[in-house]
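*Asks:* Pasting a predicted model and its sequence here:
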Amino acid sequence: MERRIFEHKNGLGANFTKKNLPVELLYYEEYSRIDAAFYREKQVQGWSRAKKEALINGECEKLHGLAECKNESHYIRALRLRSAP
């Protein structure tokens, strides 16, 4: 983790962090497998700012209520497809 933080702070990480320096680590999760960590990182990157802030602040009960409309409409479409005869 220290190496990755160093890379991000020095503009060696992802394009987003290069363009938004300086960066500060506010939240992290630990995983034993890199594929699980990568999946989770991509999941959180797609979240709204409000949802990310709730996660950072430990307000997990707010996460479902902060789902973005596009995700909710996708969920509704999926339910309609499954319930069709």
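*Replies:* Looks like it came in fine.
*Asks:* List the buried residues of stretch 32-42.
*Replies:* Residues of stretch 32-42 include none that count as buried (16 or more other Cβ atoms under 10 Å). All C-beta atoms are positioned from the backbone trio N, CA, C, and that covers glycine.
*Asks:* Make 625 the starting number, not 1.
*Replies:* Got it, the first residue is 625 from now on, which makes the last one we talked about stretch 656-666.
*Asks:* Pull the distance from it to the chain's centre.
*Replies:* 11 Å (Cα atoms, centre = their mean, to the nearest Å).
*Asks:* what's in contact with it?
*Replies:* By Cβ atoms under 8 Å, 6 or more residues apart in numbering, the residues outside stretch 656-666 that reach it are 653, 655.
*Asks:* got the CA positions of the helix or strand harbouring residue 660 in CSV?
*Replies:* Secondary structure assignment for residue 660, by DSSP states H and E: helix 658-669. Extracted in CSV, the C-alpha atoms of helix 658-669 (Å, rounded to 0.1, in the frame of the first residue of the first chain):
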residue,chain,number,x,y,z
ILE,A,658,-5.7,-9.0,-6.0
ASP,A,659,-8.6,-9.9,-8.3
ALA,A,660,-11.1,-9.3,-5.5
ALA,A,661,-9.4,-6.0,-4.7
PHE,A,662,-9.4,-4.9,-8.3
TYR,A,663,-13.1,-5.8,-8.7
ARG,A,664,-14.0,-3.8,-5.6
GLU,A,665,-11.9,-0.8,-6.7
LYS,A,666,-13.7,-0.7,-10.0
GLN,A,667,-17.1,-1.1,-8.3
VAL,A,668,-16.4,1.9,-6.0
GLN,A,669,-15.0,4.0,-8.8
